[in-house]
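J.: please work out how this folds:
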Amino acid sequence: MTTTEDRPTGPSTWRIVLAAILDFFTAFFVLGYAVATVFRGRTEDGFRVTGGPALLLFALIVAYFVVFNRFLGGTIWKHILRAKR
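T.: Model prediction:
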């Protein structure tokens, strides 16, 4: 019979959720500014992307999560918060 002391525990759920939220905001703002700069969508208040650049931004955000989780062992905030499973 296995006791709770023998089982390895993973990171807390709050760390995983917080890491996902922070990763999304980080990717959105960093990649959003990059896409807006290339496609001249920067404004005085930030950036605005519509149409094709918005689809590109969405694809880059998805690619951020896929590449970092699959090939780099976790996203930036998962490493910072030690929320890797």
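J.: break down this structure into its strands, ranges please.
T.: 42-43, 46-47 (DSSP state E).
J.: among the ones you listed, show me which one is buried the most.
T.: Among those, strand 46-47 has the highest mean neighbour count (mean count of other C-beta atoms under 10 Å), at a mean of 14. Placement of C-beta: from N, CA and C, glycine included.
J.: okay, now the sheet partners of it, with direction.
T.: Neighbouring strands of strand 46-47 in its sheet, by DSSP bridges, are strand 42-43 (antiparallel).
J.: contacts for the partner strand, please.
T.: Residues outside strand 42-43 that contact it (C-beta atoms under 8 Å, 6 or more residues apart in numbering): Y33, A36, R48.
J.: what's near enough to touch the last one?
T.: Contacts were defined as C-beta under 8 Å, 6+ apart; by that measure R48 touches A36, G41, R42.
J.: the second one against G51, yeah?
T.: Put plainly, it is G41. No: contact criterion C-beta atoms under 8 Å: G41 and G51 do not qualify, at 10.0 Å.
J.: who has more neighbours, these two?
T.: Applying other C-beta atoms under 10 Å to G41 and G51 shows that G41 carries more neighbours, namely 19 against 9.
J.: ranges for the helices of the chain?
T.: Using DSSP state H, the helices of the chain run over residues 13-38, 52-71, 76-81.
J.: comparing those helices, which comes out most buried?
T.: Comparing the helices of the chain by mean neighbour count (mean count of other C-beta under 10 Å), helix 76-81 ranks first with a mean of 18.
J.: for that one, output the C-alpha coordinates as CSV.
T.: Output in CSV follows, covering the C-alpha atoms of helix 76-81 (Å, rounded to 0.1, in the frame of the first residue of the first chain):
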residue,chain,number,x,y,z
ILE,A,76,9.0,31.0,-19.6
TRP,A,77,6.6,31.3,-16.7
LYS,A,78,6.4,27.6,-16.0
HIS,A,79,10.2,27.7,-15.5
ILE,A,80,10.0,30.8,-13.3
LEU,A,81,7.2,29.5,-11.1
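J.: residue nearest the centroid of this structure?
T.: Nearest residue to the geometric centre of the chain (C-alpha atoms, centre = their mean): D23, 2.9 Å.
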